[in-house]
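*Asks:* kindly return the folded structure for what I paste below:
(2 chains)
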Amino acid sequence: MKKILYIIVMIAVSGFLFSSCNKLIEKDPAKKISDQTALSTVDGVNAALIGTYNSMTNGFLYGGNIWVCGDMLANNITPSGDGNIVYEETQMLEKGMSPDNLLTASFWQQAYYTINITNSVLQAAPLVSSDKTFNDYIIGNCEFIRAMVYFDLIRYLGNTTEGTAAFGLGVPLLTAPSAITDRPARATIEQVYTQIIKDLVDAATRLGETDANELATRYAAQGLLSRVYFYHGDWALAEAAATVVIESGKFGLDTNLMAPFSTTAKPSKIETVFALQSTTDVTAGSTLYNYYAKANNGKFMPSGNIINMFVFTGGNNDKRFTTFFKNTDGKYSSMMFDDKYFNVPLIRLAEIYLNRAESRYNLLNNAGALADMNLIRERVGLNDTNTVNLTLLYRERSKELVFQGDNFFNMKRLKKTNISDKHLNWDSERLLYLVPQREMDVNKSLIQN
Amino acid sequence: MKRTLQLRLLLVVAWVGLFVSATFAQTGIVHGTVSDKQSGEKLPGANLYVEGTNIGTSTDIDGKFTLKIPAGKITLIISYTGYQKQQVILTIEKDQTILHDFILAEDKMMLDEVVVIGYGTKRKRDITSSISSVKSEDIKEMPVENFSKAMQGKAPGVQITSDNGLAGGAVTTRIRGTSSILASSEPLYVVDGVPIVTGDFANNTGFPDKTNVLSQIDPGDIASIEVLKDAAAAAIYGARSANGVILITTKKGQLSEGKAKTNINFNYYQGFSTVTNKLKVLDGPSYLRLTKEAWLNSSKGTEQAYYEQLPFGIYNTQLVYQIPYNEQTAEQIQATYNANKKVIDNTNSNWIDESLQVGKIQSAALSAQGGTSRTQYYLGGSYYNEKGFIKKNDFQRINGRVNFSHNVSDRLSIGANTSLSYSINNRVPTGWAGGLGTAQSRSLPIMPIYTSSGDFFNPIKSNGTNTAATRENLTSQVNTLSLLANVFAEFKFTKWLNLRNDFGLNNVYLRDYKYEGRVSLTPENSNATDRRVNVENWTNFLTLNADKTFNKHSITGLLGIQAQNSTEYGEWINGAKFPSPSMKQPSDGTVKTMDNWIESYGFLSMIGRAAYAFNNKYYLSFSLRRDASSRFGPDHKWGWFPAASAGWTITEEKFIPENVKKILSFFKFRGSYGITGNAGIGNYQYFGSYTSTTYNGLPGIRINNVGNPKLGWESTAQTDVGCDFGLWNGRVSGGFDYYYKHTTDMLLNVNIPQTTGSSTVTMNVGALENKGVELFLTSKNFTGKFKWTTDFNISNNKNKILSIEGQIIAGENYGNNQAQEGHPIGAWRLVPYAGVDPQTGKELYHLANGKTGTWDDSDPNFFQNNSVVTGNPYPTWFGGITNTFSYKGFDLAINFTYQWGNDIYRDDGKFFEGGQVGANWNQMTTLENAWKKPGDVTDIPQNLWTSTYSTHNSTRYLDDGRFVRLKSINLGYTIPENWSKAIRMNSVRIYVTAENWLTWTKYKGWDPEVNRDGSGNITQGVTYLSPPQGKTITFGINLNL
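*Replies:* Numbering: from 1, shown residues only, chains lettered A, B, ... in the order given. Model prediction:
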């Protein structure tokens, strides 16, 4: 009798532990949701849009390298000696980027990662809701983001070097979710421009007319459109888009130059049309802080050509110089990103004025150009000028957008022949990002720059 | 109420009944002595028991025994470690007393020794698979906190690398090679039947070196370690057996009736440790002289300009005048320069020595082992305290264990093996993270440690290079509490059939705290992290065991079912920007971040094994396991893992002439084949997912990975052919194995275009192979009063990647290791170095075009086009040799380990010797031999000033990694028995152990035994400022009461 009891007890205890077998071998992760169902609800689509903004804050994208890499290529910045320069950065400073350069490869990866979420969200939005307000909001934001990323992709990768195999090639143009078996080829630069403009024009009709700058608005779309037209040489369209933003009355030039780059001056956000927001969880600006802040042994400091531009053209009392530059024992450092938690101002009214100034100049409206440029000059304590020419416009833009990666593209746009300390022609192959080697390996439809 | 009472009564009756049956049975008494056949010496502690019962005893210190046995015909079995087992059939009447003396013959080959196998035990004689055993005697008195470190060089086919000499540092173990690229290559560890939690849970940010919870196990509690190497041995562990299995059996109770009583043991040792070797870097005057020379060689400017550019505030621009340098007049600047030069020329800091100290090791262990025929127990408690040779690094552990078993009746036995272990590990940053890593590199010898007023020199401005200040600034402590326990009940249906259930728990509770304060960081950056991890792991298995011998046939069988669940709960909180330097808890920080995670996995398994043996001559065995795991995708949930083996003891055959048997006393052929799996693929890998994210305080989601419902285990088919042999009646014995392991379905992150938004899909597609031979020999050179035994083992393993979809997979860390088809895993891609051009003093390389030339920095594809795949980070040959001597009370064991065929890449070499004296790194003393003028033949290029970091990864820094090491010497003296009796001890032994005292190597870094950052499968054989190994000397005493 006892024997049987023992066995029953043993088997019962053991059986109890085996009773939930399926739970042992079928487990869903606690912190992930299935990609099969993630975008099947309104909440899911909304959350994925926010996820897209999060991926824009990545350091390899708008969190920093979009600006820093341009400045490295233009040699507007130089190693400070405080932090270690890694070889990817050395390659950029030397204008010899290999196809496996981490900075360029990660930019590509992060750019397409972002584009792919916008494509997935654009596809999912009409399926989960037919509400027009909701759809306009989702679609407008996604188109804005997608346009912005494609624009920077073609600025860095679009090949304008005549006589090369990739001449005129932009980047693979995807406007719908891509299957893992797809092997897209590079579209032409013009095809990509067409898509960017199409997206932005559509976004501008869908997005709201607010001055909120943390997500895309109608003015953010118009502001970006002015930049795209400007770089594309569509002067009248650039002027018109810029005018929409300027005349909205929602933005102004801040007398406190540091305000757009600072958290403490947040109430005065009037100048920023669109900025990636920093929170303690997601510090959009931390990459720039790490690159530049003296307190963090920043790797980079402004190089001589930028300092000279301020010192010799305009003088030491330019507020941009006194606000953003600091001289410690004969070594200059940038103070622009000393606030780790600043919101990265990707579109500022000052740039839009300068887009319009040069567009007007090209449209032979010198008075209009002067007016725009003098607004920028007055704000930084410089005297008005009554002459306007490309050199002055170039200088003003270089100073206003210092440390913001614009100067490199602006020199290429102006077809300068003396770019960087390597004195390269604007269409030199050495100024181009290469298609990452791993992409070339896995996608045979691609042509290398 | 009434019913409970009845139940209780019933229980009481049952218990009483049991006692009555034990006490009032009719008995007689057998007594006598047990002695050694050769010397006639009496054997204390020999075990005697009546077959098929729990009645037994062991001999006392004089070799005498008295045993009450049931009347009738019984079989008495006498066993003693190292002697052949004896069986005697006795017939005894009630109250009769018989005198019976036993004489045991030494069993030189220990063929009847019981070896632990998966879910059971087997006599060594009957084993047809490849298993290596390491006994407690082989690892005792070794001053290490982790048993793996004591196993080094002692088991053929098992390569154990101590990652570094840090107290509490991890160990890398490979059984028969590395059989995976992305999944784990570490073996499965099973303690008393329970698969345990292993690995590093203390990975707080900023520490490259790993820890391992294996350090929670007290090596002193271990009775034996069995390494299951081939498929026949390991496949019973199914989807987790491809990397081999390490079975740990803890010490159990033993019979202690009679005068021998409880065996109480006290062991204490204490000693010192220091580094095995020191890296030779420049001192202050040499650094100044040589870097100045580089400055001038490169025409960088004047000597004054050289001084002015010195980093980290070494050149103090306000040393004389408290005004900014650019406002100083020419005279003031000159005065500042003169004052600075005087200070700098007279500074000579040895940062390496400043970081090191004499370490101390201390260990005390007390155990009691005993029991009756019905209840047996082992109780152990120990304390281990190691103060490392790097300042602020220490490891302490307190451990308690209770192993207990009780026979409820002749049929039912129950028991438990439990241990609680608590450790405190103070950790230090190393390698690239700072500490000793920085002390040997970026801490310049011309930078003072302290200012004249006794404060730290420039702690904040020095960017972490004042390692004395950063050490003061940093606290990192890991507290680990772990519980390892199993309870079991075993019911015998008959003598040959039993049912057993085991339930095991292995829980780990860990707190990992780190604080970096304001000594060398700005208040803004001061921060603290508190990280907690709980791992809760249980397993239950029910097995039915059969073991039946009739005539010459012997059959064993096993059927079982097992479930396991393991869940890890983790969280951390980080606080930064503290209001006060004395506030150090994360919650006091102004900026707080946190994270938490939950990861869980489960296994469900069915187990079967059948073995047949005929007349100790022919053997056949077959095992099968079916495993399912939550880690596998829905389309690939269950896997079969079969294995078969066969053996033939040729010396049992009649056709072998007796005169041959006099020489070849034992010879067994054996062979096996089976399929093993590797489930170390991580959790939820198959699950395509989005994860949470946020932007501007809004909730968001983002794509995490592309799923693959077909994802499953990696599969390894292994063939093993071998033999075991004994010569001259066991004077020389050994074994030989050849194996071939073919791994398929290897986990691989297959690249897809990033234009899809993702980079890879994880799939089972790759294949690789490991093949090798193993040989071990034990020779009893002298067996008389002076004893000399030699144990020798050597292993060979060759690894080759067969297919990884044409991909080239980079290592887990820097160092240019990679996985590429046709090459061993971890081979390097490097440009072949061709020495220094005697004419120009520049480094030359063998270029792809067949010529030699310099490195073209302007060509971004230079490396790609001119590099070759070369070297092997894993040794192709390794092993150990131990010579043990004893004479009277003295004994001496000398153990060497060795390995060759591997290379070590000094990833820091290009900064230490690559001619970058301007990059604020200290340089190796070899810079003295730099090229100086045309015609100089040297291997060090001209001393030039370069301030950018070199990317010149070349074979110049690939060193031959072979070494021979005097791993340990253990010298002991056991005082004569009459002395120890005089102080009422059974035995008293004093000993001294020296570890790692001599190493022969060509390697140019600290120590050739290294694993950078405790890395995975690919990045092996690489150093980057990695911390060295330590050598120790300890003095101990062992008292047996």
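
*Asks:* what packs against the helix or strand hosting residue B:477?
*Replies:* Applying DSSP states H and E as the criterion places residue B:477 in strand B:474-494. Packing partners of strand B:474-494 (3 or more CB pairs under 8 Å, 6 or more residues apart in numbering or on different chains; DSSP states H and E): helix A:2-18, strand B:412-426, strand B:497-516. For every residue, glycine as well, the C-beta is placed using N, CA and C.

*Asks:* give me the element whichever residue of chain A sits closest to chain B is part of.
*Replies:* The minimum distance from chain A to chain B, using CB to the nearest CB, falls at residue A:116 (2.6 Å). Using DSSP H and E, residue A:116 falls within helix A:102-128.

*Asks:* could you give the mean pLDDT of that helix?
*Replies:* What helix A:102-128 shows for mean pLDDT is 95.

*Asks:* mind listing what's buried along it?
*Replies:* A:103-122, A:124-125, A:128 (16 or more other CB atoms under 10 Å in any protein chain shown).

*Asks:* angle of the helix or strand just after that helix against helix A:102-128?
*Replies:* Scanning forward in sequence from helix A:102-128 by DSSP H and E, the next helix or strand is helix A:132-157. Using axes from the mean of the first three to the mean of the last three CA atoms, to 10 degrees, one finds that helix A:132-157 and helix A:102-128 are set 160 degrees apart in direction.

*Asks:* just the CA coordinates of stretch B:237-248, formatted as PDB?
*Replies:* C-alpha atoms of stretch B:237-248 as PDB (Å, rounded to 0.1, in the frame of the first residue of the first chain):
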ATOM      1  CA  TYR B 237      21.700  16.500 -23.100                       C
ATOM      2  CA  GLY B 238      20.200  17.000 -26.600                       C
ATOM      3  CA  ALA B 239      19.900  20.500 -27.900                       C
ATOM      4  CA  ARG B 240      22.400  21.900 -25.500                       C
ATOM      5  CA  SER B 241      25.200  19.300 -25.800                       C
ATOM      6  CA  ALA B 242      27.100  20.400 -28.900                       C
ATOM      7  CA  ASN B 243      29.800  22.200 -27.000                       C
ATOM      8  CA  GLY B 244      30.200  19.300 -24.600                       C
ATOM      9  CA  VAL B 245      28.900  19.000 -21.100                       C
ATOM     10  CA  ILE B 246      30.600  19.500 -17.700                       C
ATOM     11  CA  LEU B 247      29.100  17.400 -15.000                       C
ATOM     12  CA  ILE B 248      29.900  18.500 -11.500                       C
END
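
*Asks:* returning to that earlier point: what packs against the helix holding residue A:116?
*Replies:* So helix A:102-128, by 3+ CB pairs under 8 Å, 6+ apart, packs with helix A:42-56, helix A:65-73, helix A:87-94, helix A:132-157, helix A:437-442, strand B:698-705.

*Asks:* does chain B sit close to the fifth one?
*Replies:* Yes. Between helix A:437-442 and chain B, judged by CB under 8 Å from any CB of the partner chain, the touching residues are A:438-439, A:441-442.

*Asks:* and these, which of them are buried?
*Replies:* Buried among those by 16+ other CB under 10 Å: A:438-439, A:442.

*Asks:* just for the chain, where's the confidence low?
*Replies:* The chain I'm using is chain A. For chain A, the stretches with pLDDT under 70 are A:1-3, A:6, A:10, A:13-20, A:264-269.

*Asks:* please go with chain B instead
*Replies:* B:1-25, B:52, B:54, B:204-205, B:256-260, B:813, B:815, B:948-949.

*Asks:* ranges for the helices of it?
*Replies:* Counting by DSSP state H, chain B has helices at residues B:2-23, B:136-139, B:147-150, B:231-234, B:284-297, B:303-308, B:330-345, B:351-355, B:436-439, B:467-473, B:658-663, B:862-866, B:909-912, B:977-982.

*Asks:* got the contact list for the fourth one?
*Replies:* Residues outside helix B:231-234 that contact it (CB atoms under 8 Å, 6 or more residues apart in numbering or on different chains): B:117-118, B:128-131, B:228, B:241-242, B:244-245, B:621, B:623, B:643-645, B:672-676, B:716-720.

*Asks:* repeat that for 7 Å
*Replies:* B:117, B:128-131, B:228, B:241, B:244-245, B:621, B:643-645, B:672-676, B:718, B:720 (CB atoms under 7 Å, 6 or more residues apart in numbering or on different chains).

*Asks:* do the same with the third one
*Replies:* Here helix B:147-150 makes contact (CB under 7 Å, 6+ apart) with B:139, B:142, B:144, B:160, B:162, B:171, B:173, B:214, B:217, B:219, B:222, B:225.

*Asks:* thinking again about what came up before, out of the buried ones among the residues of helix A:437-442 next to chain B, which one sits closest to residue B:585?
*Replies:* residue A:438 (44.0 Å; CB to CB).

*Asks:* what sits closest to that closest one if chain neighbours are left out?
*Replies:* residue B:751 (5.8 Å; CB to CB, 6 or more residues apart in numbering or on different chains).
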